[in-house]
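**Student:** Next comes the sequence, and after it the predicted model I'd like to discuss.
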Amino acid sequence: MIYNDFMSEKRIAYNSQRRLAIIDQYISDGNYPTASFLAKKLECSVRTIQRDINEMINFYHAPIEARQGNGGYYYSDPTFFLKSVMLSEGELFSLTLFDQLLNQYKNTPLEENLRKIFEKITEGLPNSVTVDSSFLKSNVTFIPDLLPEIDAKVFETIFSALQNHKSLRFDYRPLQKNTFMERKLDPYHAVCQKGNWYILGFCHDKNEVRVFNISRIKNTEETSERFKVPKTFKAEDYFDKELGIWLSAKQKYNVELLIDKAIGTFALERKLHSDQKITENSDGSVLIQFETTQLPEIKRWVLGQGKTVKVLNPPELVQDILNEVKCIQNLYNGR
């Protein structure tokens, strides 16, 4: 009921917005349209047109005057035009969701910029249209990923260097270390994986292309040294858009996963990879096959499913899973 009432209100607002845009066009054309002419064209009453004209004057500060004689409308300032954003019903409803969806970008520099864009869009709407997402709070729940915080200055400096093709200096804390190390990087490509940001480029210290997690970077400095991205560089060699980004994972593997019938339905409806092949076996189990360079991400997912998923191929992943299971067993045996 709430949704229906909401959409009914938005439908009225959208129709009003559409009328104002058409009226503005007729007046801008300089043909001095009258209220009765506009009412006929828009299939509404003269009273509705007069109300729309008053709204344009009061809320949009439109310099509308009535021509002596036939009362046709015109703009006293010929450079004026109606600044408005035309949105459909579905777009208006999506706009109310936008404010809630911004929670996914908390702790990132993008949150503030996206909020500014949202405010500019809503400011361009007529005063008769309000974007109120309060009714969603009790009816819709958003569960965003918990993302690490990224320093805004770090983020901006990295993207400036990326755009200007200039080398970067920064301090970086690798995943396996508890201290920061100074690094110099020629940034080639930025990647956002599930809200986490990475910068990919040539590391002068390691003399090879490396991937750095932006949330672990501090004290960034854009140098005056310019660089050229090698023609042989291909960003897709360092990540799989379907699964993620991992350092030096360039070899492709044919992955085969056997999903237990206990979660067979889950396997049939879930898409691990766009090129995957799914086979439903007679016993209810499901075989998933696809090609990827990202074995670490597959390993992480398989371990998360416990005994319901068995790796059939490649042998490297099977062995890696076995080694991990032994480490986990030893961890609990020594508790």
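**Tutor:** Happy to help now that I have it.

**Student:** What sits closest to F180 if chain neighbours are left out?
**Tutor:** D171 (4.1 Å; Cβ to Cβ, 6 or more residues apart in numbering). C-beta: built from backbone N, CA, C; applies to glycine.

**Student:** Confirm that L185 sits in a strand.
**Tutor:** Yes. When classified by DSSP: H, G, I helix; E, B strand; the rest coil, L185 is found to be part of a strand.

**Student:** can you pull the contacts of it?
**Tutor:** Counting by Cβ atoms under 8 Å, 6 or more residues apart in numbering, L185 touches S167, L168, R169, F170, I199, G201, F202, C203, H204, R210, F212.

**Student:** Report the secondary structure state of the residue located most distally from the centre of the chain.
**Tutor:** Residue farthest from the centre of the chain, counting by Cα atoms, centre = their mean, is G69 at 55.0 Å. Here G69 is coil, with the state taken from three-state DSSP.

**Student:** Tally up the residues packed near the residue nearest to F180, please.
**Tutor:** Counted by other Cβ atoms under 10 Å, the residues lying close to D171 total 15.

**Student:** Which helix or which strand is home to it?
**Tutor:** strand 166-172 (DSSP states H and E).

**Student:** So this structure: which segments form each domain?
**Tutor:** 2-75, 89-136, 152-235, 253-333 (automatic domain parsing).

**Student:** Verify the contact between L82 and A62 for me.
**Tutor:** Yes. Applying Cβ atoms under 8 Å as the test, L82 and A62 come out as touching, 6.8 Å apart.

**Student:** Show me whatever sits in contact with both of those two.
**Tutor:** What both L82 and A62 touch, as defined by Cβ under 8 Å, 6+ apart, is the set D24, M56.

**Student:** Dump the domains of the chain into a markdown table; add distance to L146 and mean pLDDT as well.
**Tutor:** As requested, the domains of the chain are exported to a markdown table (distance: least, Cβ to Cβ, whole Å; pLDDT from 0 to 100):
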| stretch | distance to L146 | mean pLDDT |
| --- | --- | --- |
| domain 2-75 | 29 | 80 |
| domain 89-136 | 9 | 63 |
| domain 152-235 | 9 | 92 |
| domain 253-333 | 16 | 89 |
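
**Student:** quick revisit: so how far is Y32 from the residue farthest from the centre of the chain?
**Tutor:** Distance of G69 to Y32, computed by Cβ to Cβ, to the nearest Å: 9 Å.

**Student:** could you dump stretch 173-184 to CSV, C-alpha only?
**Tutor:** Extracted in CSV, the C-alpha atoms of stretch 173-184 (Å, rounded to 0.1, in the frame of the first residue of the first chain):
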residue,chain,number,x,y,z
ARG,A,173,52.0,-2.1,4.5
PRO,A,174,51.9,-5.5,2.9
LEU,A,175,49.3,-8.0,4.1
GLN,A,176,52.0,-10.2,5.7
LYS,A,177,53.9,-7.3,7.4
ASN,A,178,53.2,-5.1,10.4
THR,A,179,55.3,-2.2,9.2
PHE,A,180,55.2,0.2,6.3
MET,A,181,57.7,0.2,3.5
GLU,A,182,58.5,2.9,1.0
ARG,A,183,57.5,2.2,-2.6
LYS,A,184,57.8,3.9,-6.0
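
**Student:** which residues sit against it?
**Tutor:** 167-172, 203-205, 212-213, 216, 218, 223.

**Student:** 6 Å instead, please
**Tutor:** R169, F170, D171, Y172, H204, D205, R216 (Cβ atoms under 6 Å, 6 or more residues apart in numbering).
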